[in-house]
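Undergrad: have a look; sequence and predicted model below, questions after that.
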Number of protein chains: 2
Amino acid sequence: MNSSRPVTIKDIARRFRCSPSTVSRALNDHPAINEDTRKNIQEYAREVGYQRNEVSLSLLNKKTASLGVVVPTISNYYETAVIEGLHQALQPMGYTLNICVTNENYALEKEYLAKLLSNRTEGIFLSVSQETYDSGYYEHLESVIQRKTPLIFIDREYEDFETSRATVDDYHGAFAAVEHLINIGYKNIAHLKGPNGLTVSEQRFKGYVDCLKKYDMPVQEEFIINTNFKVESAIVPTKRLLEMAMPPDAIFGVNDQVAIGAMRVVKDKGLRIPQDVGLVGFDNSPISAYTFPSLTTVSRPGRKIGMEASRLFLNQVNGAEDFKHESIVLPSELIIRESSLRI
Amino acid sequence: MNSSRPVTIKDIARRFRCSPSTVSRALNDHPAINEDTRKNIQEYAREVGYQRNEVSLSLLNKKTASLGVVVPTISNYYETAVIEGLHQALQPMGYTLNICVTNENYALEKEYLAKLLSNRTEGIFLSVSQETYDSGYYEHLESVIQRKTPLIFIDREYEDFETSRATVDDYHGAFAAVEHLINIGYKNIAHLKGPNGLTVSEQRFKGYVDCLKKYDMPVQEEFIINTNFKVESAIVPTKRLLEMAMPPDAIFGVNDQVAIGAMRVVKDKGLRIPQDVGLVGFDNSPISAYTFPSLTTVSRPGRKIGMEASRLFLNQVNGAEDFKHESIVLPSELIIRESSLRI
DNA sequence: ATATTGAATGCAAACGTTTGAAAAAATTTC
DNA sequence: GAAATTTTTTCAAACGTTTGCATTCAATAT
């Protein structure tokens, strides 16, 4: 029976009664190889579908050309945009991305990191899980650092390590969003906050609070309600907001999903957007431009983050002597649409 | 200077003046190793942060425990759900997923497949790119087949190979959607079609056509317009539809994105949904439940597809003698919401 | 004291490839 | 036709780990 063991250089060598070195050189167009030999070997190799075993090469050269991307989720527009950016920048350099989804889970994150190191991954892009962030345990990163495997933080960062980071300026994005609502004339602005403890949630929250303070508007405890970033998690909180004795006249959602959930509830109550309630989201997801009314939002340059992160990584590996870690903060941009344009 | 070369078994062996075999056995709790030796070695290994080089093991055992996932895009809800399903099923078995995004590009798909084979990936989940599908060139899959690397088709399939497949029953989903519109009483049903040539597009299109035929309704050429699956690609086509002398009274979108784009245009025209225009999408994306009105749609069990595909793969590798390739077709399910409920 | 056992360790090969140096073969030069 | 030169090929080591078999050494049985 024809076993399907991949054909190796040794097999070819046997066939031509020559040494493996000759085959290797022939296949790599080494100049010291006789023209005929080269042609014959290359032809035969093509014929039998020879494909070099990269595993053995990795072992020999201690290069794997593979990079780890460790993220809490891939089911958001933003995350996939980041990954696309990484792809776009790194695929042409011959790198392969190993995408690991932690589901916000510490144990899984730890396991993935160990595995990536064991597989001699050449670099790791990490957006830490919520559990990690909450717990404050960063021991699992020690070995990454110790191994000097380049580690690039994405979005969620951890101050204690000397690493490169690429993040979006959530704070000023949120600030601008709330400022815009205030400028339009909204007086009572609620916030559908993200999960506690996450940088993105907290930064946006801080932007919201600081902006209110700047304009001497009260920060009302009951106007701040948690969500988990998903559409459906906005429903109950928004209902609660609208049923208050003194309901808000504008809502700032931690992301577009949540804002869209809120939009639905507002409409169900028979209130008009933006006349009765103003609405702002975050992310500039494709759909936000086509809701009715279209959603004012803050754009996060996910793809660009991915590309910047790649640049930071490449800087590090092509490391000049004077290499220094960088912290890139990309600006977010307010996109004004109908949902906040009360005239 | 302390080089950061990962510490190897040989390093440890040198330290204890013993052979690498002993270290290896000690670390793997081999019974023939002296208790003290074992403890000392293990302790030291932990201390210096030894991590086994999996690359060398891969070479030795010809097992890499890594799987390729080759998809055209990851920026849709459905695709990420599939990947999550794969993850959920395969991560616990110790497999690592290598996600490759082809951007519907033939050359990139070919390159990725070659790379995966070179890296001795143990299995490949493939949803072929549109270019591949269009061109009909499947030569790049020959080597996968030849190497007997398990190949599981996802959604977009190719009939000529003996492989396993997991797909969603798009045809009957589309059929049910259109039938529902007809039952409600819509008479002129347009279709915002996906890109030509793709199985999903064509199957849904076929379901649409066949259903119309079943109910003796005319299939009108000008009611069928192409989109590229994205929200914005629905805008112009929908406008064109609504500005016809005899405009449709219902629109079946190839996916939710497109339907949501159409929803926006319909509302802009001042028409009411579902009274003036009925609307149905496809995918049951999270947002579809919270648009206003909520969107009638067809759910595609992405996560389940991922898990089924995993099952097919595992069947194949744990291969019983009597292993046979399977073609799983999961049903899609009509989800009736407000956008089509004209009473 | 010697043979026998058992425990602990070492040797060497293997996985597939590359590469500097050495060797062999072919060609040129006188 | 031998020496010198050039071209082509082979050898051997290396990457890090595992594993069957051989070896060593001490303890026990005779």
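TA: Okay, I see it.

Undergrad: okay, buried residues for the worst-scoring helix or strand of chain A on mean pLDDT please.
TA: Within chain A, no helix or strand scores below helix A:130-135, which has a mean of 79 by mean pLDDT, DSSP states H and E. By 16 or more other C-beta atoms under 10 Å in any protein chain shown, the buried positions in helix A:130-135 come out as A:130-133. Yep, even glycine has a C-beta here, placed from its N, CA and C like the rest.

Undergrad: tell me the helices and strands packed up against it.
TA: Applying 3 or more C-beta pairs under 8 Å, 6 or more residues apart in numbering or on different chains; DSSP states H and E, one finds that helix A:130-135 contacts helix A:106-118.

Undergrad: that older thread, next helix or strand past the least confident helix or strand of chain A?
TA: helix A:139-146 (DSSP states H and E).

Undergrad: check which residues of that following helix are buried.
TA: Neighbour-count burial for helix A:139-146, with 16+ other C-beta under 10 Å as criterion, is recorded at A:140-141, A:144.

Undergrad: how about stretch A:162-175?
TA: In terms of neighbour count (16+ other C-beta under 10 Å), stretch A:162-175 has its buried residues at A:163-175.

Undergrad: what does the least confident helix or strand of chain A contact?
TA: With contact meaning C-beta atoms under 8 Å, 6 or more residues apart in numbering or on different chains, helix A:130-135 is reached by A:72, A:104-106, A:109, A:138, A:140, A:156, A:195, A:197-199.

Undergrad: need those in CSV (columns: distance to DNA strand D).
TA: Output for the contacts of helix A:130-135, formatted as CSV (distance: C-beta to the nearest atom of the strand, whole Å):
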residue, distance to DNA strand D
A:Pro72, 30
A:Glu104, 32
A:Asn105, 27
A:Tyr106, 26
A:Glu109, 23
A:Tyr138, 25
A:His140, 20
A:Arg156, 32
A:Pro195, 39
A:Gly197, 37
A:Leu198, 37
A:Thr199, 36
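
Undergrad: now the residue of the stretch 201-343 of chain A found nearest DNA strand D. Nearest residue, chain neighbours left out?
TA: As assessed by C-beta to the nearest atom of the strand, DNA strand D sits closest to A:Val317 within the stretch 201-343 of chain A, at 18.3 Å. Ranked by C-beta to C-beta, 6 or more residues apart in numbering or on different chains and with sequence neighbours excluded, the top spatial neighbour of A:Val317 is A:Pro150, at 6.1 Å.

Undergrad: which ones are touching that neighbour?
TA: A:122-124, A:164, A:313, A:316-317.

Undergrad: which pLDDT value does the model give the residue of the stretch 151-300 of chain A at minimum distance from DNA strand C?
TA: Taking C-beta to the nearest atom of the strand, DNA strand C has its nearest neighbour within the stretch 151-300 of chain A at A:Leu151, 27.8 Å off. pLDDT, A:Leu151: 94.

Undergrad: and what of A:Asp155?
TA: For A:Asp155, the model assigns a pLDDT of 86.

Undergrad: swap in A:Arg147?
TA: Predicted confidence (pLDDT) for A:Arg147: 86.

Undergrad: am I right that A:Leu67 sits in a strand?
TA: Yes: assigned with DSSP: H, G, I helix; E, B strand; the rest coil, A:Leu67 falls within a strand.

Undergrad: which bits of the stretch 151-300 of chain A sit near chain B?
TA: Residues of the stretch 151-300 of chain A lying close to chain B (C-beta under 8 Å from any C-beta of the partner chain) are A:230-232, A:235, A:257, A:260-261, A:263-264, A:267-268, A:286-287, A:289-292, A:294.

Undergrad: inside helices: which ones of those?
TA: A:235, A:257, A:260-261, A:263-264, A:267-268 (DSSP state H).

Undergrad: the stretch 101-250 of chain A: strands as residue ranges?
TA: With DSSP state E, counting those that start in this stretch as the definition, the stretch 101-250 of chain A shows strands at residue ranges A:123-126, A:151-154, A:164-168, A:189-193, A:224-226, A:250-253.

Undergrad: which element is A:Asn315 on?
TA: Here A:Asn315 sits within helix A:302-317, counting by DSSP H and E.

Undergrad: kind regards, and thank you for your time.
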